[in-house]
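Visitor: A structural model of the following input is requested.
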Amino acid sequence: MADTYSLIKALTDYAVSAGLIADDDRVFCTNALLDITKSVPSSSEGAVPEGLHGILDALVEDAAARGIIEDDIESRDLFDTRLMAAVTPFPREVRRVFREKYAVSPETATDWFYSFSKATNYIRTDRIKKDRKWTYSGKYGTLDITINLAKPEKDPRAIAKARNTDSAKYPLCQLCVENEGFAGKIGHPARGNHRLIPLTLNGESWFLQYSPYSYYNEHCIALNEKHIPMKVDRASFVRLLDFVELFPHYFIGSNADLPIVGGSILSHDHFQGGRYEFAMARAEVEEEIRFDGFEDISAGIVAWPMSVIRLKSADKTRLADLADRILCSWRAYSDPSAFIFAETEGEGHNTITPIARRRGELFELDLVLRNNITTEEHPLGVFHPHAELHHIKKENIGLIEVMGLAVLPSRLKNELDEIKEVLISGGTPEARLAAHADWIAELREKYTFDAENAGMILQNEVGAVFERVLEDAGVFKRTPEGKAAFRRFISSF
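Guide: Model (predicted):
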């Protein structure tokens, strides 16, 4: 095992080779790392682990063994981020390089910034590789399924409560610009190796970063400089369209701005985008529609389990105008026969999840109609995964799921492994699998399991559950009655 100084030398060697620091910075960064690790230079040498994650893991183990840090996950994460912060360039340098790359092309700039964010370990590729991923071919195309092992599952009621929390903590949330370089603390991750790229969207100050969880290729986040709540309005549509004009190789979308149908952070206005084509983007328009006064804009209903209106035009302003008209009409729209209520007891229920992308010279907007009404039968939402599906997916159906990528909780990794063994053996499920009991019984009725087929059957059945999740979340169902109700809304304005 290498001593601390040998590991520090290995980390600075990595930083130089990855282009994070120059040779001129080596002594300066070495001294910073000696201070962080509370160590001194040494002439002894030992075998140094290969790769960045091996070096960091060894330094963390060393610090825990010497009592410099507590031996728990959060303390370890805070410490290894502090190590990387010592070899991460200042924001001004990162922004300068991004501008130079952007002058070549937007794609060149984002390619560099994404690689940089992985090189600094801000995007924890070692953990992301552990995620389980597969695809499901269903009624609506090929859906993406992921069991997330890097981020905990959140309860929808806790998300709703957090939306209106007035806290004096610093930073106010994990999306605030103040996270750039923040040392972190228990309950708030370290962001010493985090860097932001300034953007101007709709004439306002926004920033670009990547998601540390990277659910899909080049999963990025655009965030408002101000800590203000999520709000979907005409300005949102303009910002989304401005973004895809800046980065035509990326899509960008906004979570809805209401609890249950919104994302996991509603307290800070932000978008999510990236370089990935989701199943919803591949879904075709099944019925063309026209809006009075906007005959120049191509529009249609998308063949998708959720209720999607697709707009397409070369004129950003006209697109934003029509999207705003649809949004305003939807916010005020009720159709009791389809259990659509604009408001109950003064609480509004209708909103939209918008997604923007480029199709050559055209701008394309998908408007996904959402409603967050609850009932005694469905206390977490009528247009939310119903209770019989919560054993697989209970968390909010936000932007990523809307587009066809299931982000499933980490608990499912072990639970599915255990279910697989139960199905193969024919044994009785343990009490900890009680939430899956009905599902297991259904699977036993449908299939004969063995060691060869059990894994594939389970993956397909999880995909089928996610397909039902999306159908539950659709406000106008994929039935003759639901399609007629959708047309009534279209013809209402």
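Visitor: Mind listing residues that contact stretch 440-452?
Guide: Under the contact criterion C-beta atoms under 8 Å, 6 or more residues apart in numbering, stretch 440-452 has outside partners 419, 422, 423, 424, 429, 433, 453, 457, 458, 461. Backbone N, C-alpha and C define where each C-beta goes, glycine included.
Visitor: Return the residues in contact with the closest residue in space to residue 397 that isn't next to it in sequence.
Guide: Leaving out its chain neighbours, the residue that sits closest to residue 397 by C-beta to C-beta, 6 or more residues apart in numbering is residue 473, at 4.6 Å. The contact partners of residue 473, taken as C-beta under 8 Å, 6+ apart, are 261, 305, 306, 370, 383, 384, 385, 397, 401, 402.
Visitor: How many neighbouring residues does the nearest residue to the second one once chain neighbours are set aside have?
Guide: Pointing back at residue 305 there. Leaving aside its chain neighbours, residue 305 sits nearest to residue 470 (4.0 Å; criterion: C-beta to C-beta, 6+ apart). Per other C-beta atoms under 10 Å, the neighbour tally for residue 470 reads 25.
Visitor: From residue 119, how far out is residue 470?
Guide: 36 Å (C-beta to C-beta, to the nearest Å).
Visitor: ok, back up a step: please check the contacts of stretch 440-452 and keep the buried ones.
Guide: Listed as buried from those are 419, 422, 423, 429, 433, 457, 458, 461; burial here means 16 or more other C-beta atoms under 10 Å.
Visitor: which ones among those are found in strands?
Guide: Counting by DSSP state E, the buried ones among the contacts of stretch 440-452 place none of their members in strands.
Visitor: ok, so of those, who is nearest residue 140?
Guide: Lowest distance from residue 140 to the buried ones among the contacts of stretch 440-452 (C-beta to C-beta) belongs to residue 461, with 16.5 Å.
Visitor: who's in contact with the closest one?
Guide: By C-beta under 8 Å, 6+ apart, the contact set of residue 461 is 439, 443.
Visitor: Tell me the confidence at it?
Guide: pLDDT, residue 461: 98.
Visitor: Kindly report the same for residue 47.
Guide: We have a pLDDT of 85 for residue 47.
Visitor: Grab the nearest non-local neighbour of it.
Guide: Nearest non-adjacent residue to residue 47, counting by C-beta to C-beta, 6+ apart: residue 2, 6.0 Å away.
Visitor: which SS class is that neighbour?
Guide: Put simply, residue 2 is coil when judged by DSSP: H, G, I helix; E, B strand; the rest coil.
Visitor: Wait, it touches residue 11, no?
Guide: No: counting by C-beta atoms under 8 Å, residue 11 is not a contact partner of residue 2; they are 11.0 Å apart.
Visitor: between these two, which one's more packed in?
Guide: Neighbour count, other C-beta under 10 Å: between residue 2 and residue 11, residue 11 has more, with 24 against 20.
Visitor: Residues contacting the helix or strand hosting the more buried one, please?
Guide: For residue 11, the host element (DSSP states H and E) is helix 4-17. Contacting residues not belonging to helix 4-17 are listed as 2, 21-23, 26, 29-30, 33-34, 37, 39-42, 44-46, 48-49, 52, 55-56, 58-59, 62, 83, 87 [C-beta under 8 Å, 6+ apart].
Visitor: Show me how far it is from its chain's centre.
Guide: Centre-to-centre, helix 4-17 and its host chain are 32 Å apart (C-alpha atoms, centre = their mean, to the nearest Å).
Visitor: domains in the protein, as residue ranges please.
Guide: The chain breaks down into these domains under automatic domain parsing: 4-87, 126-407+476-490.
Visitor: Now tabulate the ones you listed in a markdown table and tack on distance to residue 109.
Guide: What follows is these, written out as a markdown table (distance: least, C-beta to C-beta, whole Å):
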| stretch | distance to residue 109 |
| --- | --- |
| domain 4-87 | 15 |
| domain 126-407+476-490 | 8 |
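Visitor: from those domains, which stretch is densest packed?
Guide: Across the domains of the chain, averaging neighbours per residue (mean count of other C-beta atoms under 10 Å) puts domain 126-407+476-490 on top, at a mean of 18.
Visitor: where in the chain is pLDDT low?
Guide: The chain contains residues with pLDDT under 70 at 1, 150-168.
Visitor: CA-only coordinates of the longest helix along it in CSV, if you can.
Guide: What stands out as the longest helix in the chain, according to DSSP state H, is helix 454-473. Taking C-alpha atoms only, helix 454-473 is exported to CSV below (Å, rounded to 0.1, in the frame of the first residue of the first chain):
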residue,chain,number,x,y,z
ALA,A,454,-36.2,-15.5,-15.0
GLY,A,455,-34.0,-12.4,-15.4
MET,A,456,-35.3,-11.5,-18.8
ILE,A,457,-38.9,-12.0,-17.8
LEU,A,458,-38.5,-9.8,-14.7
GLN,A,459,-36.9,-7.1,-16.8
ASN,A,460,-39.7,-7.2,-19.3
GLU,A,461,-42.3,-7.2,-16.6
VAL,A,462,-40.7,-4.2,-14.9
GLY,A,463,-40.8,-2.4,-18.3
ALA,A,464,-44.5,-3.3,-18.6
VAL,A,465,-45.1,-1.8,-15.1
PHE,A,466,-43.4,1.4,-16.2
GLU,A,467,-45.6,1.5,-19.4
ARG,A,468,-48.6,1.3,-17.1
VAL,A,469,-47.1,4.1,-14.9
LEU,A,470,-47.1,6.4,-18.0
GLU,A,471,-50.6,5.4,-18.8
ASP,A,472,-51.7,6.3,-15.3
ALA,A,473,-50.1,9.7,-15.6
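Visitor: Nothing else from me, thank you.
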